[in-house]
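S.K.: Output the structure for:
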Amino acid sequence: MLHAVYRVGDMDATIKYYQDCFGMKLLRFRDIKEEKYSNAFLGYGPEETHFAMELTYNYGVDSYDLGEGFGHFGIATPDAYKMVEAVKAKGGRVTREPGPTKGGKTVIAFVEDPTGYKFELIQRQTEIPEPLAQAGRQGRGAGACGCAFVMLRVGDLDRSIKYYTEVLGMRLLRTRDNPEYKYTLAFLGYGPEESSTVFELTYNYGKDSYTKGNAYAQVAISTQDVYKTGDQIKAAGGTVTREPGPVPGIGTKILACTDPDGYKIVLVDNEDFLKELEQK
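M.R.: Modelled structure (predicted):
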């Protein structure tokens, strides 16, 4: 998994917020004037070895509808209390003060960025490896933070698990049912939660659909051959919404598909992606 891609209304304010409050670094910036948008990539280490947040600013658009489907991003940190204090110091919004989860010991907090995206801050006292885009990439030590997961709400959990495992080749890492609060979680990815960014899919009892809004866009995943991957997705019953080919103004080959709930996933040619990084 390479990036979480989403739209923001104020690029400068969001970059500053992520740097000051979350301790992220601005990894690269590109302005595609002919397509009237710009991208900023932020994270905790180089994109060759770390997951990143890809912010998109569309010229002249200053607000977006987040919808119901996108839930939040998760950030693992050695000190959730300290991160919340940084958010407060910069005028950020805290929607849940840091403290143990209900019935558990894990300390979490919830905050919002300038566009309104929610972030769950998860305190981990053990080592926090950075998320891995490919097997074998090394993480960082306990002093680091990392993007832990992307949470999306789904209408049929079994159907979604089948898609992510059979069509996208992920592993079902674990599920957790919370009948008291009437929801079930499933965690899926290409590696263990301790060292990889994963999807956290949430099924709320009796809820079979959600509005998507126009803010959250997709997650980008690397692949060795977008053309072959497109054929494999179709053979597995997946829906390809953009046939493999280069992105205008950039040249990197991608393909796009949607999961059963309509969430977009983009597959990126790994060789092209690495060349793109060399040109930054």
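
S.K.: Could you name the helices and strands sitting against the lengthiest helix in the chain?
M.R.: Longest helix in the chain by number of residues, with DSSP state H as the criterion: helix 11-22. With contacts taken as 3 or more C-beta pairs under 8 Å, 6 or more residues apart in numbering; DSSP states H and E, helix 11-22 sits against strand 25-32, strand 37-43, strand 52-58, helix 80-89. (Each C-beta comes from the backbone N, C-alpha and C, glycine too.)

S.K.: Looking at the longest one now, give me its mean pLDDT.
M.R.: It stands for helix 80-89. Across helix 80-89, pLDDT averages out at 94.

S.K.: Within its sheet, name the partner strands of the helix or strand that comes right after that helix and how each one runs.
M.R.: Remark: after helix 80-89, the chain's next helix or strand is strand 93-100, criterion DSSP states H and E. With DSSP bridges as the test, strand 93-100 is paired with strand 107-112 (antiparallel).

S.K.: Show me what counts as buried in the partner strand.
M.R.: 107-112 (16 or more other C-beta atoms under 10 Å).

S.K.: picking up where we left off before, using CSV, list the CA coordinates for the longest helix of the chain.
M.R.: Presented in CSV, the C-alpha positions along helix 11-22 are these (Å, rounded to 0.1, in the frame of the first residue of the first chain):
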residue,chain,number,x,y,z
MET,A,11,-3.4,22.8,1.0
ASP,A,12,-1.1,25.1,2.9
ALA,A,13,-3.1,24.9,6.2
THR,A,14,-3.3,21.1,5.9
ILE,A,15,0.4,20.7,5.3
LYS,A,16,1.3,22.9,8.2
TYR,A,17,-1.2,21.0,10.5
TYR,A,18,0.3,17.6,9.6
GLN,A,19,3.8,18.9,10.2
ASP,A,20,3.1,20.7,13.4
CYS,A,21,0.5,18.4,15.0
PHE,A,22,1.4,14.9,13.6
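
S.K.: picking up where we left off before, among the helices and strands packed on helix 11-22, which is nearest Thr165?
M.R.: Nearest to Thr165, of all the helices and strands packed on helix 11-22, is strand 52-58, at 24.7 Å by C-beta to C-beta.

S.K.: any residues touching the closest one, and which ones?
M.R.: For strand 52-58, contacts defined as C-beta atoms under 8 Å, 6 or more residues apart in numbering pick out 2-11, 14-15, 18, 24, 27, 36-43, 73, 147, 217, 220.

S.K.: Quickly note the distance from Lys105 to Gly169.
M.R.: Going from Lys105 to Gly169 by C-beta to C-beta, to the nearest Å gives 34 Å.

S.K.: Which one of the two is surrounded by more residues?
M.R.: More crowded of Lys105 and Gly169, by other C-beta atoms under 10 Å: Gly169, with 14 against 7.

S.K.: How about that one: what's its closest non-neighbour residue?
M.R.: Tyr190 (7.7 Å; C-beta to C-beta, 6 or more residues apart in numbering).

S.K.: Now do the one helix or strand Gln232 maps to: which elements does it pack against?
M.R.: Per DSSP H and E: Gln232 is located in helix 226-235. Under the contact criterion of 3+ C-beta pairs under 8 Å, 6+ apart, helix 226-235 touches strand 239-246, strand 253-258, strand 264-269.

S.K.: What ranges does the stretch 151-280 of the chain have for its strands?
M.R.: 171-178, 183-189, 198-204, 216-223, 239-246, 253-258, 264-269 (DSSP state E, counting those that start in this stretch).

S.K.: Pro248 versus the nearest residue to Gly249 once chain neighbours are set aside, what's the distance?
M.R.: Closest residue in space to Gly249, ignoring its immediate chain neighbours: Ile32 at 4.5 Å, by C-beta to C-beta, 6+ apart. Separation of Ile32 from Pro248 (C-beta to C-beta): 8 Å.

S.K.: neighbour-wise, which of these two wins?
M.R.: Higher neighbour count among Ile32 and Pro248: Ile32, with 15 against 9, using other C-beta under 10 Å.
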